[in-house]
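Student: Sequence and predicted model, in that order:
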Amino acid sequence: MAQSSKRTTMWLESSLFLANENKTPFWLQVNNYGETPETLPSIQLKYSIKNQYDSSRNVLGKLKRFDWAYGTTLVNNFSKKNQFLISEAYLKTRWKSFEFYIGRRKETFGLTDTSSTSGSYIWSGNALPIPKIQLHTPGYVPIDKKGIFSFKAGISHGWFGKDSVVSGHFLHQKWLYGKIGNDNSKVKFYAGINHQAMWGGYSEILKNVSGPNPPTINGYLAPYPLYSYQYLLIPFLQKITPPNTQKVTGYDGGLAIGNQLGSIDIGTEIKINDFKLFIGKQQPYDFGRSISHLNNIEDGLYTLSLNLPYYNINKINFEFFYSKSQGRTRFGKVNESNSGEVDNYFFHGVYQSWYYKDRIIGNPFIIYKSENGELRFNNRVKYFSLLLKGNTKFANYEIRQAYSLNYGTFGKEFLKKQYSLNLLLQKELNQNWLLQQVFSLDSGSLYTSSFGSRTSLRHLFN
């Protein structure tokens, strides 16, 4: 009988944010789960406690079939606008290969190198985690004895709260990914799809909007939630069995229930001795016909990531992102199969945008933000991103840079160029103290040109 090996980690971190302008530079702010303040200078205090699953194994070398754990992260930002956040608070339980959790939890979705990506298209970790309940497989589950074929899947239901002109609306998520290759394989293949939706809720603002396709029924966007849910669970059902117009709004009945979007991902991983190469693409979709007709096939996040066995440099990640087509054009030619409509990424006529607490949920290079009473919206983007990781005698380092061309939206075009650079240095002072120094630079016409820094000291409690 193995002894219990549950582990609890606790740490306290203090950070000082400075900049020559009052706006936080791009790389300092994005993909930090909404924790980083938008205005500087600022002092941040962060506390985290996490209880892990029991890692001990029985005489057969297997983990416990059932286990539970928890975690929470609290953040205090002190600046012109003080802010308190509960960025994580969850309870999770595991049974065999499945996990169920409830609460807020930091996570990303989409097939990419999560440790070095510039931002997964559909769910990048840019926004504060949304409270939800989720059933999923944390890792790939083998379906044959040799583990050559495996899958990863999940489904969740979440709550946006009051976050736009709509209040009390819901999150629906599901995903299915497959893998060919086991731990000993030199080459592995990955493919899968994720489906996301904002739906339901109530809007006093939209209540009196009329017309041939009204967005609400007496203010409710899904007055019969269980009835509407079947069309989210099976998205193509709406084409087979049109919804009852007395139970579904005219707006949703003509298009789709809520704001539905996602990505189809493919990738391959190649191991040669101590080298590991990952090549992948995340293909966005907003309309179903974009999938069936390949309308926006050139759009997406392209990744090439290389792990190296060297001390001075052990990771190179190159990414290219393109979202200019949106199904209207395909390789420079007007695409008639899209009927003049576009996959207006992260924008919706009712729910406004794919965002939470004023932060884009997906790739942070897409902008939907209200500033000084004016809406800034930019979802036609082309950018190149390069990351280098390694070690020196004095500290670990990470250099991240991106150059973007920003074209606004169809109907409100512009061209703004932007370059953003980030340098992170990390030093373990001893087993209990960790020091981080970050320098970040913005230069261009999309954001205010600025230079900023973050100095952080973390204490790990044994």
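Tutor: Looks like it came in fine.
Student: quick one: low-confidence ranges for the stretch 151-300 of the chain?
Tutor: The stretch 151-300 of the chain contains no residues with pLDDT under 70.
Student: Which residue ranges of it form helices?
Tutor: Ranges of helices in the stretch 151-300 of the chain, per DSSP state H, counting those that start in this stretch, are 225-233, 237-240, 250-254, 288-293.
Student: and the first one, what other elements does it pack with?
Tutor: The reference is to helix 225-233. Here helix 225-233 touches strand 167-180, strand 187-199, helix 237-240, going by 3 or more CB pairs under 8 Å, 6 or more residues apart in numbering; DSSP states H and E. C-betas here are computed from N, CA, C, even on glycine.
Student: what is the orientation angle of the longest one with strand 187-199?
Tutor: Here strand 167-180 runs at an angle of 170 degrees relative to strand 187-199 (axes from the mean of the first three to the mean of the last three CA atoms, to 10 degrees).
Student: residues of strand 167-180 that come out buried?
Tutor: H169, F170, L171, H172, Q173, K174, W175, Y177, G178, K179 (16 or more other CB atoms under 10 Å).
Student: Just put the residues you listed in JSON lines and tack on distance to Q437.
Tutor: As requested, the buried residues of strand 167-180 are arranged in JSON lines below (distance: CB to CB, whole Å):
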{"residue": "H169", "distance to Q437": "41"}
{"residue": "F170", "distance to Q437": "41"}
{"residue": "L171", "distance to Q437": "36"}
{"residue": "H172", "distance to Q437": "41"}
{"residue": "Q173", "distance to Q437": "36"}
{"residue": "K174", "distance to Q437": "41"}
{"residue": "W175", "distance to Q437": "37"}
{"residue": "Y177", "distance to Q437": "37"}
{"residue": "G178", "distance to Q437": "41"}
{"residue": "K179", "distance to Q437": "38"}
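Student: averaged over its residues, what pLDDT does stretch 131-146 have?
Tutor: Averaged across stretch 131-146, the pLDDT comes to 96.
Student: okay but F170 is in contact with D163, surely?
Tutor: No - using CB atoms under 8 Å as the test, F170 is too far from D163 to be in contact (11.6 Å).
Student: give the contact list for G250.
Tutor: Residues near G250 by CB atoms under 8 Å, 6 or more residues apart in numbering: G211, P212, N213, P214, P215.
Student: can you count the residues close to the first one?
Tutor: Spelled out, that is G211. The number of residues packed near G211 is 8, by other CB atoms under 10 Å.
Student: Skip the chain neighbours and tell me the closest residue to it.
Tutor: For G211, ignoring the flanking residues on the chain, the nearest one in space by CB to CB, 6 or more residues apart in numbering is G250 at 7.8 Å.
Student: try the last one
Tutor: The shortest distance from P215 to any residue other than its chain neighbours is 4.3 Å, reached at Y251 (CB to CB, 6+ apart).
Student: do you know how far that neighbour is from Y231?
Tutor: Relative to Y231, Y251 is positioned 13 Å away (CB to CB, to the nearest Å).
Student: out of these two, which sits in the more crowded spot?
Tutor: More crowded of Y251 and Y231, by other CB under 10 Å: Y231, with 25 against 21.
Student: Just list the residues touching the residue nearest to the more buried one when sequence neighbours are not counted, thanks.
Tutor: What sits nearest to Y231 in space, not counting adjacent residues and going by CB to CB, 6+ apart, is I257, at 4.5 Å. By CB under 8 Å, 6+ apart, the residues touching I257 are A197, W199, A222, S228, Y231, L232, Q238, P243, V248.
Student: OK, contacts around I366?
Tutor: Counting by CB under 8 Å, 6+ apart, I366 has contacts S323, Y345, F346, I360, N378, N379, V381.
Student: so of the residues you listed, which ones are in strands?
Tutor: I360, N378, V381 (DSSP state E).
Student: what's the neighbour count on R330?
Tutor: Using other CB under 10 Å, the number of residues around R330 comes to 19.
Student: Can you give me the pLDDT of it?
Tutor: 82.
Student: I'd like to know how many residues surround L232.
Tutor: Using other CB under 10 Å, the number of residues around L232 comes to 25.
Student: just N244 next, same as before
Tutor: Neighbour tally, N244, other CB under 10 Å: 10.
Student: so what's I399 up against?
Tutor: Contacts here follow CB under 8 Å, 6+ apart; on that basis I399 touches L387, L388, K389, L421, N422, L423, L424.
Student: Equivalent analysis for Y231, please.
Tutor: Counted by CB under 8 Å, 6+ apart, Y231 has contacts L237, Q238, P243, V248, A256, I257.
Student: Drop anything exposed from these.
Tutor: Among the contacts of Y231, those classed as buried by 16+ other CB under 10 Å are Q238, P243, V248, A256, I257.
Student: surely I49 meets R7?
Tutor: No - contact criterion CB under 8 Å: I49 and R7 do not qualify, at 11.6 Å.
Student: Which of these two has more residues huddled nearby?
Tutor: I49 (16 against 12).
Student: What confidence value was assigned to that one?
Tutor: Note for I49: predicted pLDDT of 98.
Student: Okay, W354 and T137: tell me how far apart.
Tutor: W354 sits 25 Å away from T137, taking CB to CB as the criterion.
Student: coming back round to it: which of the helices of the stretch 151-300 of the chain sits closest to F451?
Tutor: helix 288-293 (40.0 Å; CB to CB).
Student: then stretch 305-325 to PDB, C-alphas only?
Tutor: Provided in PDB are the C-alpha atoms of stretch 305-325 (Å, rounded to 0.1, in the frame of the first residue of the first chain):
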ATOM      1  CA  SER A 305       8.300  25.400 -32.400                       C
ATOM      2  CA  LEU A 306      11.700  23.700 -31.800                       C
ATOM      3  CA  ASN A 307      13.000  22.400 -28.500                       C
ATOM      4  CA  LEU A 308      16.800  22.200 -28.400                       C
ATOM      5  CA  PRO A 309      19.200  20.300 -26.100                       C
ATOM      6  CA  TYR A 310      21.500  23.300 -25.500                       C
ATOM      7  CA  TYR A 311      22.000  25.200 -22.300                       C
ATOM      8  CA  ASN A 312      22.300  28.700 -23.800                       C
ATOM      9  CA  ILE A 313      19.200  28.300 -26.100                       C
ATOM     10  CA  ASN A 314      16.700  25.600 -25.600                       C
ATOM     11  CA  LYS A 315      13.500  26.800 -27.300                       C
ATOM     12  CA  ILE A 316      12.700  28.700 -30.500                       C
ATOM     13  CA  ASN A 317       9.100  29.400 -31.400                       C
ATOM     14  CA  PHE A 318       8.000  31.100 -34.600                       C
ATOM     15  CA  GLU A 319       4.400  32.000 -35.300                       C
ATOM     16  CA  PHE A 320       2.600  33.600 -38.200                       C
ATOM     17  CA  PHE A 321      -1.000  34.800 -37.800                       C
ATOM     18  CA  TYR A 322      -3.300  35.900 -40.600                       C
ATOM     19  CA  SER A 323      -7.000  37.000 -40.400                       C
ATOM     20  CA  LYS A 324      -7.400  39.300 -43.300                       C
ATOM     21  CA  SER A 325      -9.500  37.000 -45.500                       C
END
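Student: Same question for that stretch: list its buried residues.
Tutor: Quick answer for stretch 305-325 (16+ other CB under 10 Å): 305-307, 314-317, 319, 321-325.
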